[in-house]
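> sequence plus predicted model, see below.
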Amino acid sequence: MALLSIVRLACLLLLVDLVVLAALAQLVPVLAPALAWLGLAAAWLEAGLRLLAFIAAGRLLAPGGPRGAAVVLSLTPPTFLTLRSLLVPYGAAPALLATAAPAWLALTHGATTAVLLAWAVPAPGAAMGTKSPVAVGRLLALAWAEWPVLGAAFLFLVLAVLGETAGPYCTGKALDAIRQGDGPTTFTIGLVLATDLGSSLFAGCRGGLFTLAQARLKLSTCHRLFSHLMLQDLAFFQGTPAADLSARLANDVPLLCNAVPSSVNVALRSLVTVLGLGGFMVGLSPHLTLLALLEVPLIITMRKVYDARYQVLQQAKLDATANTAAVVQEAISSIETVRTFAGEEEEERRHSRALAKMLELKDQIDVEWALFTLVWRAVQLAVQVLVLWHGHWQLREGTITTGSLVTFLLYQAKVGLHVQTLVFGHGDLLSKAAAGRKVFEYLDREPTGDTGGTWAPATLRGHVTFQHVSFAYPMCAEHLVLQDVSFELHPGEVTALAGLNGSGKSTCAGLLVRFYEPGAGEVLLDGVPLRDYEHHYLHRQVALVGQEPVLFSGTIRDNIIFGLKDCGEKEVRAAAAAAGALGFISALDQGFDTDVGEKGGQLSAGEKQRIAIARALVRRPTVLILDEATSALDGEGEVALQQWVRSSGARTVLLITHCPRMLEAADRVVVLERGTVVEMGTPAELRSCRGPYSRLLQRSPGTGQPENPGVGYGE
Ligand SMILES: Nc1ncnc2c1ncn2[C@@H]1O[C@H](COP(=O)(O)OP(=O)(O)OP(=O)(O)O)[C@@H](O)[C@H]1O
């Protein structure tokens with residue numbers, strides 16, 4: 001709502017109120033006996049009349065205006081009077097607003113206008129054009145997993161607040177006793193001590209339990225997010241830098257998980273304290289309480305404005321942190337390229353630019369916080385002066401004792417602190433929740449890795465059919481990489497995919513291991529679409545050795561049995577032998593227990609390739625895909641692999657290679673050109689056609705003539 005319309009609405013309500021109250025004031029002397037008999041009910045009757053008048057005037061003069069303002073304005077005085085009569089049974093008799101001092105009317109309208117203004121300030125995020133902020137309900141649902149710990153913490157919280165509330169009350173009573181000459185009794189001093197000690201002990205337990213909930217939540221959320229990420233499609237990982245994901249796990253998740261329990265902790269503690277102490281304060285002096293409460297709408301308004309800014313800056317800072325991490329990771333993981341092209345200075349510049357951006361945002365956050373604190377302290381001081389001035393006046397009037405005033409001031413300091421914490425805590429929760437936006441965004445992504453397929457037959461022939469497959473990578477949806485591709489892979493045969501760079505060979509391999517789903521057409525295994533197969537079953541039956549095999553840090557054995565739960569030493573050795581890796585592994589001091597270093601950095605390219613092949617062979621896959629997987633193999637490795645293929649009888653092998661010798665050794669060749677199949681047949685048939693296959697062979701080193709046609713997979 002615009003500021004102008006709020007002012008207009010406030011003026012309208014004041015005008016209507018003045019008219020209604022003036023009319024009522026005329027009636028009061030006439031109805032005095034009836035009103036005296038009605039007591040509190042008279043105040044509620046007056047409120048009902050005012051509410052009707054506000055609503056009628058609102059409908060006529062300001063349609064669409066918030067009805068809440070009318071309700072707050074009319075119901076505040078009787079609610080206050082009822083509360084006061086409950087807390088101070090012998091306090092002043094309930095009065096009608098119509099006959100009360102004009103200051104009461106000013107106070108009621110002033111407070112309502114302040115509340116309206118606080119309400120009208122745009123919610124954090126909305127005004128600054130940030131993406132949809134995370135709903136607080138969602139954050140609380142996240143914390144719900146730790147409800148037993150949080151429940152116990154809440155119990156200690158209530159006990160601590162009871163102690164905190166009783167402390168100043170006992171202090172005030174002791175002071176009054178001293179002033180009246182009775183002196184402090186052992187009982188009052190003991191009570192003050194007991195309440196303080198008790199509240200400290202319970203507060204400690206509360207804090208400890210909330211910290212425990214935080215730690216547990218962090219652990220479970222990190223685990224949940226990581227497991228969820230593992231199931232995402234490859235396009236997601238291609239579009240999201242790894243460093244960004246690790247920054248989310250390392251920074252955003254802890255921030256989010258700290259925010260929820262600590263906010264729940266702080267909010268509950270403050271809410272219970274404010275309600276408890278607030279009740280006592282109203283009992284001591286309703287007038288002073290109302291004055292002290294002036295601070296609340298002002299702080300809410302200021303905090304709302306500040307939060308809107310802070311959320312934007314906080315999100316930008318987190319993004320900048322993730323970006324800095326990405327720069328560091330990229331430079332370190334490509335250090336060889338950086339060194340080769342002497343790009344160290346360029347990388348340093350990139351890093352310092354990213355750091356500067358991060359620091360600039362941090363400074364901006366700090367400066368804005370300092371400004372906000374300054375204004376807020378000034379408001380706080382003004383309200384305190386107002387309360388002191390009024391308290392002094394009440395002391396002189398004799399409507400309050402020194403002990404009660406001291407108790408009130410002690411309570412005010414505490415309540416003020418907790419009101420701020422409540423207001424700040426909510427803002428803080430929202431701003432920290434900004435960190436959760438990305439985390440929830442990732443958690444909401446539908447996983448595509450496991451489609452929930454259940455098909456897992458006891459025997460599989462390994463007959464693969466590409467049926468009119470068309471495909472475009474999600475990142476470049478307009479560029480069709482495969483167009484209407486159809487071919488078959490037969491069990492017991494080695495089929496080679498041939499074609500120039502970028503013709504779509506690896507893409508076919510990617511579709512066969514379900515890295516992606518075809519845009520049109522189907523990839524079938526034994527006549528069943530791949531997505532219908534059970535996830536683990538499919539990836540045990542179809543194994544791919546890629547162009548640049550990646551090893552994980554760990555031993556050679558760990559790498560070979562990766563992903564398998566039940567794999568014996570015999571199988572590991574057999575797979576290593578079939579991949580031609582047994583020789584070099586046996587020559588190592590630690591054999592299969594040799595650490596390969598990060599990404600297999602301590603091995604040569606050929607050794608890495610052999611281990612990657614062993615990792616595929618150990619599964620005894622029905623369909624084996626070798627995507628340029630033999631490029632770094634020497635003759636020994638190649639012969640071992642060919643022997644394995646030959647001895648593995650019924651297996652289906654898809655071979656992607658540019659090597660004429662390997663192409664010629666295949667049973668069948670499928671030639672791709674710009675994502676379409678242009679030729680298919682045995683190598684001899686294709687050579688005799690003198691078409692695309694022959695041209696490919698001629699382009700290859702050795703002018704296309706097979707170097708050793710005698711060494712064939714099928715022989
Ligand atoms: N992740 C990706 N996102 C977008 N486009 C891609 C992606 N991977 C490959 N491409 C594009 O798809 C086309 C086919 O690539 P593919 O890797 O299948 O070719 P290829 O025949 O295996 O080439 P090479 O012989 O060089 O390995 C190329 O134009 C390539 O630029």
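Thanks, I have the structure now.

> who's in contact with the closest residue in space to T99 that isn't next to it in sequence?
Spatially, and ignoring its direct neighbours in sequence, T99 is nearest to V28 (5.5 Å; Cβ to Cβ, 6 or more residues apart in numbering). Heads up, the C-betas are built off the backbone N, CA and C, glycines and all. Shown in contact with V28 (Cβ atoms under 8 Å, 6 or more residues apart in numbering): L35, L96, A98, T99.

> could you find the closest non-adjacent residue to the third one?
Okay, so that is A98. Per Cβ to Cβ, 6+ apart, closest to A98 is L24, 3.8 Å.

> list the buried ones in the helix or strand harbouring the one you found?
For L24, the enclosing helix or strand under DSSP states H and E is helix 3-38. Within helix 3-38, the residues that count as buried by 16 or more other Cβ atoms under 10 Å are I6, L9, A10, L12, L13, L14, V16, D17, V20, L21, L24, L35.

> for these, which one is nearest K608?
Set against K608, the nearest of the buried residues of helix 3-38 by Cβ to Cβ is I6 (69.4 Å).

> distance-wise, check the residue positioned nearest the centre of the chain relative to A308.
Compute the mean C-alpha point of the chain, and by Cα atoms, centre = their mean the closest residue is V439, 2.3 Å away. Going from V439 to A308 by Cβ to Cβ, to the nearest Å gives 21 Å.

> just A456 next, same as before
54 Å.

> so is L60 in a helix, a strand, or just coil?
At L60 the chain is in helix, as set by DSSP: H, G, I helix; E, B strand; the rest coil.

> no no, A100
With three-state DSSP as the criterion, A100 reads coil.

> tell me how many other residues surround it.
Neighbour count for A100, taken as other Cβ atoms under 10 Å: 15.

> name the helix or strand for the nearest residue to Y516 once chain neighbours are set aside, please.
Sequence neighbours aside, G510 is the residue nearest to Y516 in space, at 5.7 Å (criterion: Cβ to Cβ, 6+ apart). Using DSSP H and E, G510 maps to helix 505-512.

> then L51?
Per DSSP H and E: helix 40-61 holds L51.

> report the rounded mean pLDDT for that helix.
In this model, helix 40-61 has an average pLDDT of 82.

> kindly export it (C-alpha atoms) in CSV.
Once non-C-alpha atoms are left out, helix 40-61 reads as follows in CSV (Å, rounded to 0.1, in the frame of the first residue of the first chain):
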residue,chain,number,x,y,z
LEU,A,40,-15.8,-3.7,31.3
ALA,A,41,-18.6,-4.7,28.9
ALA,A,42,-19.2,-1.0,28.4
ALA,A,43,-15.7,-0.6,26.9
TRP,A,44,-16.4,-3.6,24.5
LEU,A,45,-19.8,-2.1,23.6
GLU,A,46,-18.0,1.2,22.7
ALA,A,47,-15.5,-0.7,20.7
GLY,A,48,-18.3,-2.5,18.8
LEU,A,49,-19.9,0.8,17.9
ARG,A,50,-16.6,2.3,16.8
LEU,A,51,-15.8,-0.7,14.7
LEU,A,52,-19.2,-0.5,12.9
ALA,A,53,-18.7,3.2,12.2
PHE,A,54,-15.1,2.6,10.9
ILE,A,55,-16.3,-0.2,8.6
ALA,A,56,-19.2,1.8,7.3
ALA,A,57,-17.1,4.8,6.7
GLY,A,58,-14.4,2.7,5.1
ARG,A,59,-16.9,1.1,2.7
LEU,A,60,-18.2,4.5,1.7
LEU,A,61,-15.0,6.5,1.5
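
> ok and it relative to helix 3-38, angle-wise?
150 degrees (axes from the mean of the first three to the mean of the last three Cα atoms, to 10 degrees).

> quick one: list the elements packing against the following helix or strand past helix 40-61.
Counting by DSSP H and E, the next helix or strand C-terminal to helix 40-61 is helix 67-87. Helix 67-87 is packed against helix 3-38, helix 40-61, helix 102-120, helix 253-284, helix 286-293, with contacts defined by 3 or more Cβ pairs under 8 Å, 6 or more residues apart in numbering; DSSP states H and E.

> how about the residues of the protein by the ligand?
238, 473, 475-476, 481, 499, 501-507 (Cβ under 6 Å from any ligand atom).

> which among those residues count as buried?
Y473, V481, G499, S503, G504, K505, S506, T507.

> for the fifth one, give its distance to T652.
Going back to what we said before, that points to G504. On the measure of Cβ to Cβ, G504 and T652 end up 20 Å apart.

> and if you look at the first one?
As judged by Cβ to Cβ, Y473 and T652 stand 26 Å apart.

> may I have stretch 186-201 exported as PDB, CA atoms only?
Only the C-alpha atoms of stretch 186-201 are listed here, as PDB (Å, rounded to 0.1, in the frame of the first residue of the first chain):
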ATOM      1  CA  THR A 186      17.400 -14.200  54.000                       C
ATOM      2  CA  PHE A 187      14.400 -15.500  52.200                       C
ATOM      3  CA  THR A 188      14.300 -12.600  49.700                       C
ATOM      4  CA  ILE A 189      18.000 -12.700  49.100                       C
ATOM      5  CA  GLY A 190      17.900 -16.500  48.700                       C
ATOM      6  CA  LEU A 191      15.000 -16.200  46.300                       C
ATOM      7  CA  VAL A 192      16.900 -13.600  44.100                       C
ATOM      8  CA  LEU A 193      20.000 -15.900  44.100                       C
ATOM      9  CA  ALA A 194      17.900 -19.100  43.400                       C
ATOM     10  CA  THR A 195      16.000 -17.500  40.500                       C
ATOM     11  CA  ASP A 196      19.300 -16.200  38.900                       C
ATOM     12  CA  LEU A 197      21.100 -19.500  39.300                       C
ATOM     13  CA  GLY A 198      18.200 -21.500  38.100                       C
ATOM     14  CA  SER A 199      17.700 -19.300  35.000                       C
ATOM     15  CA  SER A 200      21.400 -19.500  34.200                       C
ATOM     16  CA  LEU A 201      21.500 -23.300  34.500                       C
END
